[in-house]
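Student: fold the following for me, if possible:
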Amino acid sequence: MHQMSPMAATIKAVIFDWGGVLEALPDATAFAEWEIRLGLAPTRLQTILWGPVWEQVEQGAATVAAYEAEVCRQCGFTSRAQLEAFYSAFYPQRLHEPMVAALHALRRRYRVALLTNGFQGQDQHIERLTGIHPTRLVDHYVNSADVELRKPMPAIFQLTLERLGVQPDEAVFIDDNPANIAAARAAGLQAIPFETPAQALTALEALLGHPIE
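Tutor: This is a model prediction of the structure:
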């Protein structure tokens, strides 16, 4: 069977992940330091924060309040203030500015979507960080908690493509999670694994065939 080359289709849409791509997330050092501070076993904090309970939140099957109660229980926090202090110290609360600038520039020529494994209320968080509500920041904002699907489920990629009105090979997807990249490629999208803004934007420019400016 003949396989199309990456440049065979005209790119019409660019799809961004949020956490880790547009917003900086804690690195391995931060996880390790906090596991020591909280008396947790290595790799345990990632499971507490982003494991099964969080995945339920991402699909709208559990509330943020229930998730936070579980985080407090497993981390040993005895008050809301302790949890908030941890959030403030652990999460960078900053944007990858080159990625955000690229998103704005791309909207002049392409349909742009945000496809995020998020939570109820993430739109307000994004608005606080960017100053723009995600429904105005991009053409289509697809939050897993709203649609009750999460990456790497094939259906959430199909839903995003339908909203954008494009075929899979007409879309580029950028994500920092290897499982999501693999799922996007299996669904027929062109995908760029995010490591750094410079690396991702260089790869995107090569795929689009022009500078992003």
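Student: ok, which stretches of this protein are strands?
Tutor: 13-16, 111-116, 140-143, 171-175, 190-193 (DSSP state E).
Student: what's the local residue count around Leu204?
Tutor: Other residues near Leu204 come to 19 when the count uses other C-beta atoms under 10 Å. (C-beta placed from N, C-alpha, C; glycine too.)
Student: do Gly76 as well
Tutor: Gly76 has 10 nearby residues by other C-beta under 10 Å.
Student: repeat that for the one 10 residues further on.
Tutor: Neighbours of Phe86 under the rule other C-beta under 10 Å: 18.
Student: that one against Ser79, yeah?
Tutor: No - with the criterion set as C-beta atoms under 8 Å, Phe86 and Ser79 do not qualify as a contacting pair; they are 10.9 Å apart.
Student: how does this structure divide up, domain by domain?
Tutor: Structural domains annotated on the chain: 13-24+94-208, 28-90, as defined by automatic domain parsing.
Student: what's the mean pLDDT across the last one?
Tutor: If I follow you right, that is domain 28-90. Domain 28-90 shows a mean pLDDT of 97.
Student: kindly check the end-to-end length of that domain for me.
Tutor: 11 Å (C-alpha to C-alpha, to the nearest Å).
Student: cool, the longest one as well?
Tutor: From its first residue to its last, domain 13-24+94-208 covers 10 Å (C-alpha to C-alpha).
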